[in-house]
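Q: Please find the sequence and the predicted model below.
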Amino acid sequence: MSDISLTRYRRRAPMSIEPARALAMVWFQRHRQRTALASLDDRLLADVGLSRETARGECRKPFWHA
């Protein structure tokens, strides 16, 4: 048997789930933060320096967009 045929069937190293888990956590945090932002009244938005229109624009973004 040649070396080429042996390399074809080598086992792959196990893939880590950590990158996918970290990405899912970022997405979940964005969703929570945008939901909280949507619930703020105009007075609280002014306290953090945002207008209602700016907050609406941020809240309309899908969770996978930064």
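A: Thanks, I have the structure now.
Q: Out of the helices and strands in the chain, which is least certain?
A: helix 3-8 (a mean of 61; mean pLDDT, DSSP states H and E).
Q: Going toward the C-terminus from that helix, what's the next helix or strand?
A: helix 18-38 (DSSP states H and E).
Q: packing partners for that next one?
A: Helix 18-38 is packed against helix 52-60, with contacts defined by 3 or more CB pairs under 8 Å, 6 or more residues apart in numbering; DSSP states H and E. All C-beta spots, glycine's among them, are computed from the backbone N, C-alpha and C.
Q: And the contacts of the helix it packs on?
A: 34, 35, 37, 38, 40, 42, 45, 50 (CB atoms under 8 Å, 6 or more residues apart in numbering).
Q: Check stretch 31-39 too.
A: 50, 55, 58, 59, 61, 63.
Q: And stretch 58-66, end to end?
A: 9 Å (CA to CA, to the nearest Å).
Q: Cheers, nothing more for now.
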